[in-house]
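*Asks:* Fold the following, please.
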Amino acid sequence: MNKKIMILGVIVIIGVIAGLMFLGANKGENRENTLVMGLDDSFPPMGFRNENNEIVGFDIDVAEAVCDRLGMELKLQQISWAAKEQELNSGNIDCIWNGFALNEERAATMNLTDPYIKGELYFILKNDSKIKDQEELRGKKVGVQAGSVQQSDLEQSDLGKDLEIVQYSDFLTAFMDLETGGIDAVCASSLIGNYLITSKNKDFITMDSRDISTSRGCVIAFKLGNDELKDKIQNTLYELKKDGILREISEKWFGKDMILVEEK
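*Replies:* Below you'll find the predicted structure:
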């Protein structure tokens, strides 16, 4: 009886190990027919939840067009933006694709596409704010999204030394705190700022930044060494640019063509 139990136990253990090996093999960085896209689902208009709780946005439309062209299934994976690098390196997602700004630090640790769209860094303030220049922000509270390029740029700038930089899990929360007077300004990309101000009819004004931004545009990030998937996505973006599809998506969300992709 004990011998039968031991044999059964060994069989169960072998089955568990085989299952884990199978899952590990399919968790890799280059899934054959599925693209697992890591994103912040509260980052309009790049990726966010609509009134039906569906994830929509500019980047979603572009990713769907890419996957349609490649015959791949798109899987949207909401992640913590502050832990995005860990999600990518662990293989939980195939790429970070959600208004992900290019800077030198990210270029050194991830495999990045060419920039495909660009926004400008600026400050957003309440309409009745008496602050008219970024120098007048010294000693004030400025909100940023945790883990964003705006946070790192602001922290490394001369201005950032004299600010109280307040981190938020997402920009929507930062804007709500700005509206109630919890902070004096939000440092954000014009991609999200312009959309929120117009779509939500917010009583905000914008103020240009100087000598802060290091971003050269938004890119799609892959794990270092994953050249095959990155090149496949990049080449498809070239095709969609040539066919006018990227322009159509940009005009849908921004009212104009903001695409940076060069035709190859």
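
*Asks:* When you work out contacts or count neighbours from here on, use the C-alpha atoms and nothing else.
*Replies:* OK.

*Asks:* now the strands for the stretch 101-250 of the chain?
*Replies:* Remark: strands assigned in the stretch 101-250 of the chain by DSSP state E, counting those that start in this stretch are 111-112, 121-126, 141-145, 164-168, 185-189, 204-208, 218-222.

*Asks:* closest one to Gly99 among those?
*Replies:* Comparison of the strands of the stretch 101-250 of the chain against Gly99 by C-alpha to C-alpha identifies strand 218-222 as nearest, at 5.5 Å.

*Asks:* What helices and strands are in contact with the closest one?
*Replies:* Applying 3 or more C-alpha pairs under 8 Å, 6 or more residues apart in numbering; DSSP states H and E, one finds that strand 218-222 makes contact with strand 95-101, strand 111-112.

*Asks:* and it, how far out from the chain's middle?
*Replies:* In terms of C-alpha atoms, centre = their mean, to the nearest Å, the centre of strand 218-222 is found 8 Å from the chain centre.

*Asks:* With stretch 136-153 instead?
*Replies:* The answer for stretch 136-153 is 17 Å, by C-alpha atoms, centre = their mean.

*Asks:* export it as PDB, just CAs?
*Replies:* Taking Å, rounded to 0.1, in the frame of the first residue of the first chain, the C-alpha atoms of stretch 136-153 are listed here in PDB:
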ATOM      1  CA  GLU A 136       8.000  80.500 -10.100                       C
ATOM      2  CA  LEU A 137       7.400  76.800  -9.400                       C
ATOM      3  CA  ARG A 138      10.400  76.700  -7.000                       C
ATOM      4  CA  GLY A 139       9.200  75.800  -3.600                       C
ATOM      5  CA  LYS A 140       5.900  74.500  -4.900                       C
ATOM      6  CA  LYS A 141       4.400  71.000  -5.200                       C
ATOM      7  CA  VAL A 142       4.500  69.400  -8.700                       C
ATOM      8  CA  GLY A 143       2.800  66.100  -9.400                       C
ATOM      9  CA  VAL A 144       4.200  63.400 -11.700                       C
ATOM     10  CA  GLN A 145       3.300  59.800 -12.500                       C
ATOM     11  CA  ALA A 146       5.600  57.400 -10.600                       C
ATOM     12  CA  GLY A 147       8.100  55.800 -12.900                       C
ATOM     13  CA  SER A 148       7.500  58.200 -15.800                       C
ATOM     14  CA  VAL A 149      10.100  59.900 -17.800                       C
ATOM     15  CA  GLN A 150       8.700  63.200 -16.600                       C
ATOM     16  CA  GLN A 151       9.500  62.200 -13.000                       C
ATOM     17  CA  SER A 152      13.100  61.300 -13.800                       C
ATOM     18  CA  ASP A 153      13.600  64.400 -16.000                       C
END
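
*Asks:* Looks like Asp177 contacts Ile183 (just checking).
*Replies:* Yes - counting by C-alpha atoms under 8 Å, Asp177 touches Ile183, with 6.2 Å between them.

*Asks:* Between the two, which has more neighbouring residues?
*Replies:* Ile183 (21 against 17; other C-alpha atoms under 10 Å).

*Asks:* related to what we said a few turns ago, looking at the helices and strands packed on strand 218-222, which is nearest to Ser215?
*Replies:* Closest approach to Ser215 among the helices and strands packed on strand 218-222 (C-alpha to C-alpha): strand 95-101, 5.8 Å.

*Asks:* List the buried residues of the host helix or strand of Gln86.
*Replies:* Assigned by DSSP states H and E, Gln86 belongs to helix 84-90. Neighbour-count burial for helix 84-90 flags 84-85, 87-89 (criterion: 16 or more other C-alpha atoms under 10 Å).
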